[in-house]
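>>> Make a model of this:
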Amino acid sequence: MKSNSEKKTFFAETKKLLDIVAKSIYTDKEVFIRELLSNCSDALEKQRFRELKGESKPSSDDGLRIEVTTNDKEKKIIIFDSGVGMSKEDAVENLGTIAKSGSKEFMEKLEDSNNDEDAMGNIIGQFGVGFYSSFIVADKVEVLTKKDGCEGVQWVSDGSGEFEVADASNLDFERGTKIIIKLRPESREFSQEKEVEKIITKFSQFISYPIKLNGAQANSL
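You can find the predicted model right below:
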């Protein structure tokens, strides 16, 4: 962690959700890529709107885009978007709590599942639970993010109930969000380019921005 590191505890319902997701035997693990790509698309739409309103300048690199990088040697998958990014307060609010009404409904359905593993798996599949779905496959999740006019931020958690947030300098992007997922050994297939390419193709039809996988275009616009 960089300077001004703070350790914080997830809100109670978020801790419960993370515990369920992290220990899930849900077999359709690829859902986390769909959810993270959806988040990227949302962030890019928000940035595009800010640029159209003159509230933000386009970045000087490759514009609005999503970049996915796989590293089989280190068992990692990295997903970046050049969207609006987050301040430290945004990161604590958005990544430390369940904000969406859909996630609230997800929790209510889990309460009704009586810990039946098949039922829980079906519920996870229906809702995806956004960013938190990354903990289906992750040993650790690190988020690097930067918003216009704000310092860079680093957010790290292993999904066990706490997260750390700190200032981050010398980021390799002007604005946006990079999610670095250190995969569990049993989820290593998501660090392999061919496997991830198939998943991107499957879920990219709703994405209207270029997606690059290890530098090559992975979707049709």
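
>>> for this protein, where's the lowest mean pLDDT among helices and strands?
helix 117-127 (a mean of 58; mean pLDDT, DSSP states H and E).

>>> Following the chain onward from that helix, which element is next?
The helix or strand immediately downstream of helix 117-127 is strand 138-146, counting by DSSP states H and E.

>>> So which bits of that following strand are buried?
The neighbour-count check on strand 138-146 (16 or more other Cβ atoms under 10 Å) flags 138, 140-146 as buried. Quick note: C-beta positions are derived from backbone N, CA and C, even for glycine.

>>> do stretch 37-53 as well
So for stretch 37-53, counting by 16+ other Cβ under 10 Å, buried means 37, 39-41, 43-44, 47-48, 50.

>>> likewise stretch 199-212?
Quick answer for stretch 199-212 (16+ other Cβ under 10 Å): 199-200, 203-204, 207, 209-212.

>>> Quickly name whichever of the buried residues of stretch 37-53 is closest to residue 219.
Residue 219 lies nearest to residue 37 out of the buried residues of stretch 37-53, by Cβ to Cβ, at 9.5 Å.

>>> OK, contacts around that closest one?
With Cβ atoms under 8 Å, 6 or more residues apart in numbering as the criterion, the residues that contact residue 37 are 66, 79, 200, 203-204, 207, 211.

>>> Next: residue 95.
Taking Cβ under 8 Å, 6+ apart, one finds 131, 143, 155, 157, 163 in contact with residue 95.

>>> Ramachandran coordinates for it?
Main-chain torsions, residue 95, degrees, to the nearest 10: phi -100, psi -10.

>>> same thing with residue 78?
phi -120, psi 130.

>>> Would you mind measuring from it to residue 183?
11 Å (Cβ to Cβ, to the nearest Å).

>>> Please apply the same query to residue 142.
On the measure of Cβ to Cβ, residue 142 and residue 183 end up 13 Å apart.

>>> now do the same end-to-end measure for stretch 137-157.
Terminal residues of stretch 137-157 are spaced 13 Å apart (Cα to Cα, to the nearest Å).

>>> Let's test this: mean pLDDT of it, rounded?
Mean pLDDT, stretch 137-157: 95.

>>> quick one: the strands in this structure?
6-9, 66-71, 76-81, 138-146, 152-157, 162-168, 176-183, 211-213, 216-217 (DSSP state E).

>>> Now distance to residue 59 too, for these, in JSON lines please.
Output for the strands of the chain, formatted as JSON lines (distance: least, Cβ to Cβ, whole Å):
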{"stretch": "strand 6-9", "distance to residue 59": "28"}
{"stretch": "strand 66-71", "distance to residue 59": "13"}
{"stretch": "strand 76-81", "distance to residue 59": "11"}
{"stretch": "strand 138-146", "distance to residue 59": "11"}
{"stretch": "strand 152-157", "distance to residue 59": "14"}
{"stretch": "strand 162-168", "distance to residue 59": "18"}
{"stretch": "strand 176-183", "distance to residue 59": "8"}
{"stretch": "strand 211-213", "distance to residue 59": "15"}
{"stretch": "strand 216-217", "distance to residue 59": "19"}
